[in-house]
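Visitor: Any chance you could fold what I've pasted below:
(chains A, B and C)
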Amino acid sequence: MTTQGKRFFLALAALAAVLAALPLVVTNPYYLNVLNVVALNVLVVTGLNLLIGFAGQISLGHAAFFGLGAYISGILTGTHGWEPWTALVLAAAVVALVALVIGMPTLRLEGNYLVMATLGFNLIVSVLMLQLDDITGGPSGYTGIPPLTFFGAPIATDLSFYWLAWGAVLLGLLLARNLVHSRVGRGLKALHEAPLAAAASGVPIESYKVKVFVVSAVYASVAGSLYAHYYGIITPKTFDIFKSVELVTMCIVGGMGSLWGGLFGAALLTPLPQLLAVVEEYKDIFFGGILLLLLIFLPQGLVGWLEGKRVRPGGRAF
Amino acid sequence: MAALLTIKGLSVRFGGLQALDSLDLEAPAGAITALIGPNGAGKTTAINCVSGVVAPNSGQVGFDGRAVLGMAGYKLARLGLTRTFQNLQVFGLMNVLENVMVGMHAASRGGFAAAMLRLPLLRRQEAAIRARAEEVLAFFGLDKVAHQPAEELAYGDQKRLELARALAGRPRLMLLDEPVAGLNAAETHELGRLIVKIKEQGIGVVLVEHDMGLVMRISDQVAVLSGGRLIARGTPAQIQQDPEVIRIYLGGGEEFGLLA
Amino acid sequence: MPRARDVPGPGEGVAVSFGDQLAQYVVSGLTTGAVYALVALGFCLIYNATRVVNFAQGDFLSLGGLMAYSFLGGAGLPMVLAFPLAVASVALVGALLERLAIRPARSRQVMVLIFITIAASILMRGVFKHLWGKQALALPPLSPETPMHLLGATFTPQNLWVLGITLVAIVALVWFFNRTLTGKAMRATAINLSAAALMGIDAHRMTMYSFALAGALGALAGVLITPITSLSYEVGVIMGLKGFAAAVLGGYGSFLGAVVGGLALGLIESLAAGLISSVYKDAVAFVVLLLVLFLRPGGLLGVKSGDRV
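Guide: Presented below is the predicted three-dimensional model:
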């Protein structure tokens, strides 16, 4: 194994150890709940980072994939009595198909067409969640979603969900890491940097872009399904365009193209609005201001900055 | 020797400009076919057509007896046709070794699912890719900078890295677009020697180049383009005597000195 | 979500012919469409100068309405002063956005710059909420609301104001970009930045002008539309997104496309809401956006451009 590989597994083991120890210290259910939300965000952001950081494409529709996962899981189990794990898998398959339909026509084109299409898609999904109230419960949300089970035992407490959610994060990070350090991952990085040369080397650019978009959508869908079964109630507002923006922001603030960056970004930004609740009325001003400063002065992200990565100007100089 | 690459009646128009006018050309395996001509003669356009970057208005391109015109670039790479670029196209943030490992893409297997699950097949393959990349880096004398980001390399090293990447997947034909442009005499001489060694492995080389000294020294056959048309073809010795070629280069001015 | 208030139908309760209804939808569609066009033009200006999609464009609209409200009600200025002042102050805010957030950015990656405008949008909305509160405000129309009738449609003077002022703004823009030195310099910078810089054009300044102009257009849209919809600190969010959809519909970056896209989107929305169902009115714009991206990504008027190697 390479040194890089060893470092990753050491870091992953350290993370697992910290995660195993945390519940001994954190017993307050409120803080456990925050940690659980962080876990779900990390899961989405890890997938999103594959798309943004490695393939150089932005999606402003990941909250919609997150939401579709949640609503499909919720409705299949709540209304139709499906077994939750089966519903989770079916939701992921449906979301993969939807991502394929959006990604195929738009990722073929040069430029940022995906960001426009996903933005529109998220807005449409939000309207549907609000308006199809016979199915979705409308603005007040969909309730009565059963918890997931583990060999028959319901995963209903904050602590049991903590193990599930963070277990999913570790698995998600491992799979993402494997992808990044494979011929496919190298192909993704290459197509981002010099598409012509990547194609001339045998990288099927369009198909790779579409596939990584689908993979990132599936990460979001799985996180959404977990979310639905954890809370038992889901509302459209959780999955609106602002959530999509928040998810991408976590990627950028943490560090694009670094899997640990997604972890840091989500861990930092998830509780920030709650922390800023202290300053109540100035909440948005502080949040926007902090974000603005980070983006202007630390565009390489927190992890990039800690690793001493230089800022690569890139793009048009003006 | 049967031709590996055959171009027939290739024509390209950019608006009012006839970039290529019914070009016929053949390039055999195990030989260096140089494509020369003044700026704007259509040399790079010809390479871009063959490698699927530019769609011609008419014509045929055959590679190993198979019609490949309009085929996507990545599929050509799988068939064993690779290329380098005139303006550098290295993957700047990736290190030198990884750049060359990308060059092995066409010669390796395994998609997203296999990669994410890190199947045993892929682990073995990964070791083979790395070994081959290191071998190619040593061939080009880039082994000492293997772990540096490609964008930090000196210009000459980046030029060689382009070649290393194109060679890594054991292609059967390489299209080299001005591989020594901007290099000094010693670097040019060294790279010329390596291109000859590539040819000696049985690989066909199509060389677009302005450096006449290099072209005349290492090419097996030379094709001269002017205004999008093939005006002469032959061995370097024949081309140097061709009155039409001399006239064109006299007209072109600055490059005549290199012919002598 | 704020939506355009329906213009009162001719003689409420009286049976209305289909043709009259249609005329009515066209009038209200064109009115909203004109405002979308103004917002879309703002998107184009900044995109052409920087390749950045400016997500604060909608907030320029909100701020235009809010400033006009304060100049009118708070400072007691007459309309002829209050509205131009509102437009000018948002132009200044646009210039400041470029000077304080875009220019000092250490990365020039378009993706990072786009998110800077998103952060600025969050910040601005926070400030608006703090200064003007969450409640809905009202801005009076430009002249008294006496309904007029033409070809079966009823419309108010505000409809005419919106269409007329939008037309004047577009003509002024065309004049500015074709007839003034600054306008030509801005076009040159948009086409080839380094060449423009070599000719001695201050590219930073031109970019700043683009932001200022985009601010002015957004504010103008706000002043014009908020008497028809309602005014609040977040009225610009949805209007901004629709303006964005209009810009894509017309072919992102094209001025003519922005105008055509805006009017077309306004019409489509109004007809779909009137003839099919108003429940999905806000989704219509984005369904159109997706269809355009899938089927004709260059926009209605756009042509697909190829890259040269």
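
Visitor: For burial, what's the neighbour tally of A:Leu97?
Guide: 11 (other C-beta atoms under 10 Å in any protein chain shown). For the C-beta atoms, the positions are set from N, CA and C on the backbone; glycine is no exception.

Visitor: Now name the helix or strand holding the spatially most central residue of chain A.
Guide: Central residue of chain A (C-alpha atoms, centre = their mean): A:Val44, 1.4 Å from the mean position. A:Val44 belongs to helix A:29-49 when assigned by DSSP states H and E.

Visitor: That helix and chain B in contact?
Guide: No - using C-beta under 8 Å from any C-beta of the partner chain, we find that helix A:29-49 stays clear of chain B, coming within 11.4 Å at best.

Visitor: pLDDT on the helix or strand harbouring B:Ile129, on average?
Guide: Taking DSSP H and E as the definition, B:Ile129 sits inside helix B:120-139. Per-residue pLDDT over helix B:120-139 has a mean of 94.

Visitor: Name the residues of the stretch 101-250 of chain A found near chain B, please.
Guide: Counting by C-beta under 8 Å from any C-beta, the stretch 101-250 of chain A comes close to chain B at A:175-176, A:178-179, A:182-187, A:189-190, A:193-194, A:196-205, A:211-212, A:215.

Visitor: quick one on the thing from earlier: which residues are in contact with the residue nearest to the centre of chain A?
Guide: Going by C-beta atoms under 8 Å, 6 or more residues apart in numbering or on different chains, A:Val44 touches A:62, A:66, A:219-220, A:223, A:247.

Visitor: Report the backbone C-alpha coordinates of stretch C:176-194 in CSV.
Guide: The C-alpha trace of stretch C:176-194 is given here as CSV (Å, rounded to 0.1, in the frame of the first residue of the first chain):
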residue,chain,number,x,y,z
PHE,C,176,-24.7,53.3,-24.2
PHE,C,177,-23.0,50.1,-25.5
ASN,C,178,-22.8,51.3,-29.2
ARG,C,179,-22.4,55.0,-28.9
THR,C,180,-20.3,55.8,-25.8
LEU,C,181,-16.6,55.2,-25.3
THR,C,182,-17.2,53.6,-21.9
GLY,C,183,-19.9,51.3,-23.4
LYS,C,184,-17.6,50.3,-26.2
ALA,C,185,-14.7,49.7,-23.7
MET,C,186,-17.0,47.5,-21.7
ARG,C,187,-17.9,45.5,-24.8
ALA,C,188,-14.3,45.1,-25.7
THR,C,189,-13.5,43.9,-22.2
ALA,C,190,-16.3,41.3,-22.4
ILE,C,191,-15.1,40.0,-25.8
ASN,C,192,-11.4,39.8,-25.0
LEU,C,193,-10.2,40.9,-21.7
SER,C,194,-6.4,40.7,-22.2
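
Visitor: Buried ones in it, by neighbour count?
Guide: Going by neighbour count (16 or more other C-beta atoms under 10 Å in any protein chain shown), the buried part of stretch C:176-194 is C:176-177, C:183, C:185-190, C:193.

Visitor: Need the residues you listed in CSV (columns: distance to C:Leu231).
Guide: Shown next, in CSV, are the buried residues of stretch C:176-194 (distance: C-beta to C-beta, whole Å):
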residue, distance to C:Leu231
C:Phe176, 28
C:Phe177, 31
C:Gly183, 32
C:Ala185, 36
C:Met186, 31
C:Arg187, 34
C:Ala188, 38
C:Thr189, 35
C:Ala190, 33
C:Leu193, 38
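
Visitor: which one among those gets closest to chain B?
Guide: Nearest to chain B among the buried residues of stretch C:176-194 is C:Leu193, at 18.7 Å by C-beta to the nearest C-beta.

Visitor: That closest one and C:His204, how far apart?
Guide: In this view, C:Leu193 and C:His204 are 11 Å apart by C-beta to C-beta, to the nearest Å.

Visitor: swap in B:Ser108?
Guide: Applying C-beta to C-beta to B:Ser108 and C:His204 gives a distance of 47 Å.

Visitor: So those two - more neighbours on which side?
Guide: B:Ser108 (19 against 15).

Visitor: you'd agree that one is up against B:Gln125?
Guide: Yes - B:Ser108 is in contact with B:Gln125 according to C-beta atoms under 8 Å; the separation is 5.6 Å.

Visitor: list residues touching both of these two?
Guide: Counting by C-beta under 8 Å, 6+ apart, the common neighbours of B:Ser108 and B:Gln125 are A:Arg183.

Visitor: so who does the nearest residue to B:Gly227 once chain neighbours are set aside touch?
Guide: Sequence neighbours aside, B:Ala41 is the residue nearest to B:Gly227 in space, at 6.6 Å (criterion: C-beta to C-beta, 6 or more residues apart in numbering or on different chains). When contacts are counted by C-beta under 8 Å, 6+ apart, B:Ala41 touches B:225-228.

Visitor: if you set the cut-off to 10 Å instead, what comes out?
Guide: Contacts for B:Ala41 (C-beta atoms under 10 Å, 6 or more residues apart in numbering or on different chains) come out as B:19-20, B:35, B:208, B:224-231, B:248, B:252.

Visitor: Which members of those are the farthest-apart pair?
Guide: Farthest pair in these (C-beta to C-beta) is B:Leu20 and B:Gly252. Separation: 18.2 Å.

Visitor: Compare these two (neighbour count), which wins?
Guide: More neighbours surround B:Leu20 than the other of B:Leu20 and B:Gly252, with 29 against 14 (other C-beta under 10 Å).

Visitor: Can you give me the buried ones in the helix or strand that contains that one?
Guide: For B:Leu20, the host element (DSSP H and E) is strand B:17-28. For strand B:17-28, the neighbour count (16+ other C-beta under 10 Å) marks B:18-21, B:23, B:25-28 as buried.

Visitor: Was I right to think B:Ser11 contacts B:Leu17?
Guide: No - taking contacts as C-beta atoms under 10 Å, B:Ser11 lies outside contact range of B:Leu17: 11.8 Å.

Visitor: Distance check, A:Leu291 against chain C.
Guide: Distance, A:Leu291 to chain C, using C-beta to the nearest C-beta, to the nearest Å: 4 Å.

Visitor: Tell me where the chain has strands.
Guide: Picking chain A for this. Assigned by DSSP state E, the strands in chain A fall at A:149-150, A:153-154.

Visitor: ah, no, chain B please
Guide: With DSSP E as the criterion, chain B has strands spanning B:3-14, B:17-28, B:32-36, B:58-63, B:66-67, B:81-83, B:173-177, B:204-208, B:221-226, B:229-234.

Visitor: pLDDT weak spots in the chain?
Guide: By default, I'm working from chain A. For chain A, applying pLDDT under 70 flags the ranges A:1-5, A:111, A:309-318.

Visitor: Correction: the question concerned chain C.
Guide: Along chain C, segments meeting pLDDT under 70 span C:1-16, C:302-309.

Visitor: Secondary structure element holding the one residue sitting closest to the centre of it?
Guide: Geometric centre of chain C, nearest residue: C:Val39, 1.4 Å, by C-alpha atoms, centre = their mean. Using DSSP H and E, C:Val39 falls within helix C:18-50.

Visitor: what's the nearest residue to the residue of the stretch 101-250 of chain B found nearest chain C if we skip its chain neighbours?
Guide: Residue of the stretch 101-250 of chain B nearest chain C, by C-beta to the nearest C-beta: B:Asp177 (9.6 Å). In this structure, B:Asp177 finds its nearest non-sequential neighbour in B:Gln86, 4.4 Å apart by C-beta to C-beta, 6+ apart.
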